[in-house]
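>>> coords please:
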Amino acid sequence: MALGAGLLVAWAVVVAVARFLAAHPWLPVLLVVLAGGALAWWLVRRQRDARWAEVRARGLRYALTQLDALHHRQFEHAVRDLMRRDGCADAVQVGGAGDNGADVKATDPFGRLWVIQCKHRRAGLQGSPVGTPDLHVLNGTGRPVHRGDVVVLVTNGRFTGRAVAFAHDQRLHLVDRTVLGEWAAGSRPLWEILRAVPPPRRPSSRS
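Numbering: from 1, shown residues only. Sure, this is the predicted structure:
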């Protein structure tokens, strides 16, 4: 009984709407035009916002003093943003519990996967140097676990001599304070600053 009454009410509503539209044939056209205009406005605004986001990202610069003042998690975000600035649209901060030695991961325009560990020192060069234990962790996961093509350790401080030798032997890339300063304050992507970076996996869309 209730179901039948509900169907009758629904049918009455449909008939009433149909009669109203028949009496006002311009209304559906108006609604379509308004919906189309709203969609076009949304698309234009989205494209404009994307362009401005790209402009802001490409203009990103950091001074070393700014990087020194960051919390270590903010430092990871800064490294992520620099990779995005350089064209790694998928750059993501992944550091935290269970990160398996990776704080930032990104794919560059040449198809190479970058696995980056960040070591922040509040005191900069005066802080403790990054040694081989941190590189052992990164070396054990950067390629076997994360499948990285370019495995990097970034610090706003310095490395021990043993760490430099170990990195060279294991094909790890080190970004110390000097290299970080050049990268963060300039406009060249990291792969143009580092030496012996693996060859591209695919042609760049910029070429």
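>>> Would you mind measuring from the residue nearest to the spatial centre of the chain to Val104?
Nearest to the mean C-alpha position of the chain, counting by CA atoms, centre = their mean, stands Ala91 at 2.8 Å. Applying CB to CB, to the nearest Å, the value for Ala91 to Val104 is 7 Å. For every residue, glycine as well, the C-beta is placed using N, CA and C.
>>> got any residues that touch both of the two?
Listed contacts common to Ala91 and Val104 are 80, 83; contacts here mean CB atoms under 8 Å, 6 or more residues apart in numbering.
>>> returning to that earlier point: and the residue nearest to the centre of the chain, what are its phi and psi?
For Ala91, the backbone dihedrals (degrees, to the nearest 10) come out as phi -60, psi 130.
>>> Surely it touches Arg84?
Yes. Counting by CB atoms under 8 Å, Ala91 does reach Arg84; the two are 4.6 Å apart.
>>> what touches both of these two?
Between them, Ala91 and Arg84 share these contacting residues under CB under 8 Å, 6+ apart: Ala106.
>>> how about His120, what does it touch?
His120 is in contact with 67, 70-72, 75, 155-156, counting by CB under 8 Å, 6+ apart.
>>> Which stretches in this structure count as helices?
Defined through DSSP state H, the helices belonging to the chain, from first to last, are 2-23, 26-58, 64-68, 72-85, 132-141, 161-170, 177-185, 190-193.
>>> and of the ones you listed, who's closest to Ile116?
Taking CB to CB as the criterion, Ile116 comes closest to helix 72-85 out of the helices of the chain, the separation being 6.1 Å.
>>> who touches that closest one?
By CB under 8 Å, 6+ apart, the residues outside helix 72-85 that reach it are 57-58, 60, 62, 67, 70, 91-93, 95, 103-104, 106, 108, 114, 116, 118, 120, 154, 156, 183-184, 190.
>>> List only buried entries from those.
Of all the contacts of helix 72-85 considered here, the ones buried according to neighbour count by 16 or more other CB atoms under 10 Å are 62, 67, 70, 91, 93, 95, 103-104, 106, 108, 114, 116, 118, 120, 154, 156, 183-184, 190.
>>> just the helices of the chain: most buried one?
helix 72-85 (a mean of 20; mean count of other CB atoms under 10 Å).
>>> so it versus helix 177-185, what angle?
Direction vectors for helix 72-85 and helix 177-185, defined by axes from the mean of the first three to the mean of the last three CA atoms, to 10 degrees, enclose an angle of 60 degrees.
>>> hey, C-alpha coordinates of helix 72-85 in CSV?
Extracted C-alpha coordinates of helix 72-85, given in CSV (Å, rounded to 0.1, in the frame of the first residue of the first chain):
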residue,chain,number,x,y,z
HIS,A,72,64.4,18.3,10.1
ARG,A,73,60.9,17.4,8.7
GLN,A,74,60.7,20.8,7.1
PHE,A,75,64.1,20.2,5.6
GLU,A,76,62.8,17.1,4.0
HIS,A,77,59.8,19.1,2.6
ALA,A,78,62.3,21.7,1.3
VAL,A,79,64.2,19.1,-0.6
ARG,A,80,61.0,17.7,-2.0
ASP,A,81,60.0,21.2,-3.2
LEU,A,82,63.3,21.7,-4.8
MET,A,83,62.9,18.5,-6.8
ARG,A,84,59.5,19.6,-7.8
ARG,A,85,60.9,23.0,-8.9
